[in-house]
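S.K.: Kindly generate the corresponding structure for this input.
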Amino acid sequence: MKRVKKRHQPSGTRTAFNGTNRRGEEHISWKKQKQLDIHQALNSDPVDIETLRKAAVSEGGLLTDDVRRKVWPKLLSVNVFDLPARPAKNIRENHKDFNQVLLDVRRSMRRFPRGMRVDERAVLQEQLIDIILDVLRRNPQLHYYQGYHDIVVTFLLVVGERVAIAMVEKLSNHHLRDFMDPTMDSTKHILNYLMPLLEQVDSELHDFMLSRAEVGTIFALSWLITWYGHVLSDFRHVLRLYDFFLASHPLMAVYFAAVIVLHREREVKSSECDMASVHHLLSQIPQDLPYEQLIARAQSLFTCHPPAELAHSAALQSRKSITISTFQAFQMSTQQQRPDSVLRREVVNRHDARLSRGAPPSRAAHQLVKAAVWGLSATLGVAALAVAQTAMDWAPDFLLQLF
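M.R.: Below you'll find the predicted structure:
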């Protein structure tokens, strides 16, 4: 009898798959439907940003890196046909942050795929350094912090160098802006949202941590400033969280920190009630978290306890956040984007018009040509192939006319 019940027990979520044909068909159908919805949203004019956000947040996120290469730029309102030029060769000369960036990037080997050839990783590390320094050079109001490279490398590995520059620049001026002040004061301000949130949900846990153990919030610092890229060993989990955060309010990383702590409530309360013990426990983030459940709970907490409610806390009265205050305007700016098919035709039309007048091709056309030539030459291994694939994804018709 027990075996019969177990055999017919329904799974808890749509992504649960027990190996039967029926469940497998449902799972495949669900994925295909989601991909179709994303495709339709990308090809709407203007792009259906709200559907893309829902897809990024909902169960399974954006599913594949191919989808991410198309959706991530739209979530940040980045036009992949009007990208910044590649970093200048002399970008490293006399840059005040070069030495620190170099040290951090050299220590970042575990952030690259296992089994990657040494020469391939070396190319990507050089690109990582150049992306960081280029964004900082063109945005003097931004200041490098240790851990920034953990965010940048994620975009480099998924979208390639050129698109990563544009995305990281946009992200740094919005979602990450408070972390990039010359001092840690704004970062501490963002961290200060964590305890009031825990107090709203579990006052007993809050009192144990703050009043009795006096643990504070520093245990979550590396979580927030790297979007968990530094503390999670499985790149799939990092990508899932980046889908979530790119489509959400900048404080969502704080809400996710709160649900991790709440998920471990029994462990915390049963630990020794002193700062060292609780801090050590919390700073060791589990690698087998139920990510979909935690993402859903973080969303629920955000709805029930929005940032404006938490800001009434005394700890949050002394300072204003640039990130939070500019988010609404930034989100509205993403609403009127054209689909890539339209942007691609515009590039082709400008290119053809210039050729008919005997004028040199536009900068956008030059950039796409250079990306394709550089990628198809295959002289730089995986990095070149990634960039070539990205270029082909954005403008296959146009690029094929050039060869």
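S.K.: ok, for residue 339, nearest residue in space, not its chain neighbours?
M.R.: Nearest non-adjacent residue to residue 339, counting by Cβ to Cβ, 6 or more residues apart in numbering: residue 43, 5.0 Å away. Backbone N, C-alpha and C define where each C-beta goes, glycine included.
S.K.: what's the spacing between that neighbour and residue 344?
M.R.: The gap separating residue 43 from residue 344 is 12 Å, by Cβ to Cβ, to the nearest Å.
S.K.: Just the residues contacting stretch 230-248, thanks.
M.R.: By Cβ atoms under 8 Å, 6 or more residues apart in numbering, the surrounding residues in contact with stretch 230-248 are 52-54, 56-57, 61-62, 65, 68, 72, 75-76, 110, 113, 147, 150, 154, 157-158, 175, 222-223, 227-229, 252-253, 256, 285, 287, 289, 291, 295, 298-299, 302.
S.K.: and the residues you listed, which of them are in strands?
M.R.: Per DSSP state E, strands hold no members of the contacts of stretch 230-248.
S.K.: Emit the PyMOL select command for whichever of those are buried.
M.R.: Under the burial definition 16 or more other Cβ atoms under 10 Å, those of the contacts of stretch 230-248 that qualify are selected in PyMOL by:
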select buried, resi 52+53+56+57+61+62+68+72+75+76+147+150+154+157+158+175+222+223+227+228+229+252+253+256+285+289+291+295+298+299+302
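S.K.: Out of the contacts of stretch 230-248, list just those in helices.
M.R.: Judged by DSSP state H, helices contain the following of the contacts of stretch 230-248: 52-54, 56-57, 65, 68, 72, 75, 150, 154, 157-158, 222-223, 252-253, 256, 291, 295, 298-299, 302.
S.K.: So residue 43 and residue 344 - more neighbours on which side?
M.R.: Neighbours per residue, other Cβ atoms under 10 Å: of residue 43 and residue 344, the larger number sits with residue 344, 21 against 13.
S.K.: show me what contacts residue 133?
M.R.: Shown in contact with residue 133 (Cβ under 8 Å, 6+ apart): 87, 91, 92, 95, 97, 98, 101.
S.K.: how near is it to residue 180?
M.R.: Between residue 133 and residue 180 the distance is 14 Å, computed by Cβ to Cβ.
S.K.: Then residue 107?
M.R.: In this structure, residue 107 and residue 180 are 20 Å apart, going by Cβ to Cβ.
S.K.: and these two? which has more neighbours close in?
M.R.: Higher neighbour count among residue 107 and residue 180: residue 180, with 22 against 11, using other Cβ under 10 Å.
S.K.: Can you pull the phi/psi pair for the more buried one?
M.R.: When read as degrees, to the nearest 10, the backbone of residue 180 gives phi -110, psi 20.
S.K.: do the same with residue 141
M.R.: Torsion angles, degrees, to the nearest 10, at residue 141: phi -80, psi -10.
S.K.: And for it, the neighbour number?
M.R.: Quick note: residue 141 (other Cβ under 10 Å) scores 12 neighbours.
S.K.: residues in contact with it?
M.R.: residue 180.
S.K.: Tell me the predicted confidence for residue 209.
M.R.: On the pLDDT scale, residue 209 is placed at 89.
S.K.: from here on, count from 587
M.R.: Yep, numbering from 587; the last one is residue 795 now.
S.K.: leaving aside the residues next to it on the chain, what's closest to it?
M.R.: Excluding the flanking residues, the one nearest residue 795 by Cβ to Cβ, 6+ apart is residue 801, at 5.0 Å.
S.K.: Report the contact partners of that neighbour.
M.R.: So residue 801 contacts 795, 861, 864, 865, 868 (Cβ under 8 Å, 6+ apart).
S.K.: Could you list the domains of this protein?
M.R.: 588-649, 684-759, 771-894, 926-986 (automatic domain parsing).
S.K.: Comparing these, which yields the minimum mean pLDDT?
M.R.: The stretch with the lowest mean pLDDT among the domains of the chain is domain 926-986, at a mean of 54.
S.K.: For the stretch 887-989 of the chain, which segments are assigned as strands?
M.R.: Here the stretch 887-989 of the chain has no strands by DSSP state E, counting those that start in this stretch.
S.K.: tell me the centre residue of this protein?
M.R.: For the chain, the residue sitting closest to the mean C-alpha position, by Cα atoms, centre = their mean, is residue 828 at 3.2 Å.
S.K.: ok, now how distant is that one from residue 738?
M.R.: Residue 828 sits 12 Å away from residue 738, going by Cβ to Cβ.
S.K.: before we move on, what about residue 891?
M.R.: Look at residue 891 and residue 738: by Cβ to Cβ, they are 31 Å apart.
S.K.: Neighbour count: those two, which is higher?
M.R.: Using other Cβ under 10 Å as the criterion, residue 891 and residue 738 rank with residue 738 on top: 26 against 18.
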